[in-house]
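Trainee: can't give you the sequence, but here's the structure:
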């Protein structure tokens, strides 16, 4: 059977969605609420996900009031807005996260991802480079940066990004094979 490998973005999107669901609270409570709503009218998976993100935003807003200096909460709020398609609010909250913690690597990465989706490639490149500056082994940033360069037909820069992933992964695998 052919199994399609997941891309880095798909894995990160899955992890981000899981973290947001955990933030909302107990899964059983959310499932019960959604079951009631689906008994009234069937809910598509897209609408169900939208409801989860909207609930996450509401809950996070109340927690942010208690912890206004939490870079993590600001980033989670930005991610929820991004998942709802509200890029301007997502960018605003991710920038707040960076203002609180200028080395919060995931905020830069997620901001870059949003800029890339909006075809604001220079902003995306800047954020991916900052991600790599803070965390040199952030392979997803190299991958996405390489893709932007490839789309811009800057094949040399693209290849450099992909080589860095390959070299680092090769070293990691070799080193782990040598350890007992």
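Mentor: That came through, no problem. Just so we're clear, the structure is a prediction, and the values are computed from it rather than from any experiment.

Trainee: and the contacts of stretch 107-124?
Mentor: 9, 16, 71, 74-75, 78-79, 82, 87, 90-91, 94-95, 97-98, 101, 125-128, 130-131, 134, 138, 140-141, 144, 148, 151-152 (Cβ atoms under 8 Å, 6 or more residues apart in numbering). The C-beta positions use only the backbone N, C-alpha and C, and glycine is treated the same way.

Trainee: filter the residues you listed down to the buried ones, ChimeraX style.
Mentor: Selection of the buried residues among those in ChimeraX, burial being defined by 16 or more other Cβ atoms under 10 Å:
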select :16,71,74,75,78,79,82,87,90,91,94,97,98,125,127,128,130,131,134,138,140,141,144,148
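
Trainee: which ones among the contacts of stretch 107-124 lie within strands?
Mentor: Nothing among the contacts of stretch 107-124 maps onto strands, per DSSP state E.

Trainee: among the contacts of stretch 107-124, name the ones in helices.
Mentor: Counting by DSSP state H, the contacts of stretch 107-124 place 9, 16, 71, 74-75, 78-79, 82, 87, 90-91, 94-95, 97-98, 125-128, 130-131, 134, 140-141, 144, 148, 151 in helices.

Trainee: tell me the secondary structure at residue 68.
Mentor: coil (DSSP: H, G, I helix; E, B strand; the rest coil).

Trainee: please begin residue numbering at 6 from this point
Mentor: New numbering, starting at 6: the last item is residue 73.

Trainee: can you read off the pLDDT for it?
Mentor: Looking at residue 73, its pLDDT reads 85.

Trainee: what does residue 88 give?
Mentor: Confidence score, pLDDT, at residue 88: 84.

Trainee: again with the one 3 residues further on
Mentor: In this prediction, residue 91 carries a pLDDT score of 92.

Trainee: kindly report the same for residue 17.
Mentor: So residue 17 comes in at 59 (pLDDT).

Trainee: how about the one 10 residues further on?
Mentor: Note on residue 27: pLDDT of 56.

Trainee: average pLDDT across stretch 111-131?
Mentor: For stretch 111-131, the per-residue pLDDT averages 96.

Trainee: show me what counts as buried in that stretch.
Mentor: 111-121, 125, 128-130.

Trainee: show me where pLDDT drops low in the chain?
Mentor: 6-55, 172-185 (pLDDT under 70).

Trainee: give me that answer again for 90
Mentor: Filtered on pLDDT under 90, the chain yields the residue ranges 6-73, 75, 77-78, 81-82, 84-90, 142-144, 160, 163, 166-185.

Trainee: and residue 72, its phi and psi?
Mentor: Here is the backbone geometry of residue 72 (degrees, to the nearest 10): phi -130, psi 70.
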